[in-house]
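**Q** Sequence unavailable; structure follows:
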């Protein structure tokens, strides 16, 4: 005589549907919160503000932005508002050479938008060698 149940015990099963839901939710979270690096067309040479002397040749093209937001290409003032008159003035001075070194010299009190407008105009024209001029800091002085 057999004591016990003749039936085999049911096979143990794991419900993976909820696990898949959690994994897909985590995957969507990581995809949506990941920052993607966008490479710029324009190479910007970041300035170094140190007091040491450098042996650099003078840049061939200079764009100056004063504190009132007026643009100067070389020594000529750009008349008009926005990017288009600035692009026209840069194209007139630079000609077809888009490999020239360009320096943006902006007043410390000029609005940031004016510097970005100058960079945008240079980028639209195809300039890739861009630097922003700074003045060297005095050693021993605080910020």
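**A** Sure thing, it's come through. Quick caveat: nothing in here was measured; it's all calculated off a predicted structure.
**Q** On the C-terminal side of the helix or strand bottoming out on mean pLDDT in the chain, identify the next helix or strand.
**A** Every helix and strand of the chain was ranked by mean pLDDT, DSSP states H and E. The lowest is strand 43-45, at a mean of 63. Downstream of strand 43-45, the first helix or strand assigned by DSSP states H and E is strand 61-65.
**Q** other SSEs contacting that next one?
**A** strand 71-73, helix 83-94, strand 102-106, helix 112-125 (3 or more C-beta pairs under 8 Å, 6 or more residues apart in numbering; DSSP states H and E). From N, CA and C alone the C-beta is placed, and that goes for glycine too.
**Q** Tell me how far it lies from the chain's centre.
**A** Offset of strand 61-65 from its chain centre (C-alpha atoms, centre = their mean, to the nearest Å): 20 Å.
**Q** report the angle between the axes of that strand and helix 112-125?
**A** 150 degrees (axes from the mean of the first three to the mean of the last three C-alpha atoms, to 10 degrees).
**Q** Quick one: residues in contact with strand 61-65.
**A** 71-74, 86, 90, 93-94, 100-107, 110, 114-115, 118, 122 (C-beta atoms under 8 Å, 6 or more residues apart in numbering).
**Q** Show me which of those residues are buried.
**A** Buried subset of the contacts of strand 61-65 (neighbour count, 16 or more other C-beta atoms under 10 Å): 71, 73, 86, 90, 93-94, 101-106, 110, 114-115, 118, 122.
**Q** Mean pLDDT and distance to residue 136 for the helices and strands packed on strand 61-65 - can I get that in a markdown table?
**A** Shown next, in a markdown table, are the helices and strands packed on strand 61-65 (pLDDT from 0 to 100; distance: least, C-beta to C-beta, whole Å):
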| stretch | mean pLDDT | distance to residue 136 |
| --- | --- | --- |
| strand 71-73 | 91 | 23 |
| helix 83-94 | 88 | 27 |
| strand 102-106 | 89 | 14 |
| helix 112-125 | 89 | 19 |
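**Q** now these in CSV, with distance to residue 24?
**A** Formatted as CSV, those follow (distance: least, C-beta to C-beta, whole Å):
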stretch, distance to residue 24
strand 71-73, 52
helix 83-94, 45
strand 102-106, 47
helix 112-125, 40
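**Q** for the ones you listed, which one sits closest to residue 29?
**A** With C-beta to C-beta, the closest approach to residue 29 among these belongs to helix 112-125: 32.8 Å.
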